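Chemist: Only the shape, not the letters, is given here:
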């Protein structure tokens with residue numbers, strides 16, 4: 001709507017004059033292309049205004065007798081009216097089609113805006129879902145790491161349990177060996193005590209024998225002196 005307000009009669013008239021001066025017919029499409037856009041209805045209305053003014057100038061410029069001018073004018077107006085009737089019908093049809101197209105364009109523009117809003121919403125939802133998915137993947141990886149650590153810990157615990165069971169199974173044998181070692185230690189201790197006792201007895205005997213030997217030697221030496 002803002003673009004239509006910039007299209008003026010002076011623009012349309014100047015473009016139509018330049019097209020006609022170049023030897024071409026100033027059609028609605030040609031004028032609109034040089035205007036650079038705008039409503040077909042607005043440009044057509046201004047172009048018709050230009051044509052009417054142009055026709056009036058052409059009628060005024062004819063240097064003929066008044067009666068002939070009137071006759072020619074009536075004839076030309078009749079011809080123009082006859083020619084304009086289908087043109088106006090076509091123009092009305094084109095304008096209706098243009099209005100329909102404008103309505104359809106507006107509807108499609110509204111649809112596009114709705115779709116754009118939906119796309120933006122879906123894009124935001126997708127970004128949120130992707131963020132959640134990435135977090136879930138990270139959480140899943142962390143959970144798998146935790147499961148692996150727990151499995152390793154469980155395996156280590158099973159190994160240690162097996163070792164402990166083996167040790168427990170070997171306890172009776174170890175206890176028997178310990179008892180045997182204790183008995184052997186007691187026997188060795190008893191034997192050592194006996195050996196110490198025998199050694200003490202032998203030591204006493206040796207001492208007694210030495211004393212006797214010394215005494216016998218002393219007696220023998222005294223006899224020799226006597």
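Modeler: Thanks, I have the structure now. Quick caveat: nothing in here was measured; it's all calculated off a predicted structure.
Chemist: quick one, helices of this protein?
Modeler: Using DSSP state H, the helices assigned to the chain run over residues 9-21, 28-35, 40-61, 66-225.
Chemist: Can you add mean neighbour count and give these back as JSON lines?
Modeler: For the C-beta atoms, the positions are set from N, CA and C on the backbone; glycine is no exception. Listed next are these as JSON lines, based on neighbours: other CB atoms under 10 Å:
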{"stretch": "helix 9-21", "mean neighbour count": "16"}
{"stretch": "helix 28-35", "mean neighbour count": "16"}
{"stretch": "helix 40-61", "mean neighbour count": "15"}
{"stretch": "helix 66-225", "mean neighbour count": "11"}
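Chemist: I'd like those helices as CSV, with mean pLDDT appended.
Modeler: Shown next, in CSV, are the helices of the chain (pLDDT from 0 to 100):
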stretch, mean pLDDT
helix 9-21, 94
helix 28-35, 92
helix 40-61, 82
helix 66-225, 81
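Chemist: for the residue nearest in space to the middle of the chain, what are its contacts?
Modeler: Taking CA atoms, centre = their mean as the criterion, residue 130 is the residue nearest the geometric centre of the chain, at 4.3 Å. Under the criterion of CB atoms under 8 Å, 6 or more residues apart in numbering, residue 130 has no contact partners.
Chemist: if I look at it, how far off is residue 149?
Modeler: 29 Å (CB to CB, to the nearest Å).
Chemist: What of residue 224?
Modeler: 102 Å.
Chemist: again with residue 36
Modeler: Going from residue 36 to residue 149 by CB to CB gives 72 Å.
Chemist: Please apply the same query to residue 135.
Modeler: When residue 135 is compared with residue 149 (using CB to CB), they lie 21 Å apart.
Chemist: and if you look at residue 127?
Modeler: Residue 127 is 33 Å from residue 149, by CB to CB.
Chemist: With residue 34 instead?
Modeler: Taking CB to CB as the measure, residue 34 and residue 149 are separated by 78 Å.
Chemist: what are the phi and psi values for residue 22?
Modeler: phi -80, psi 0 (degrees, to the nearest 10).
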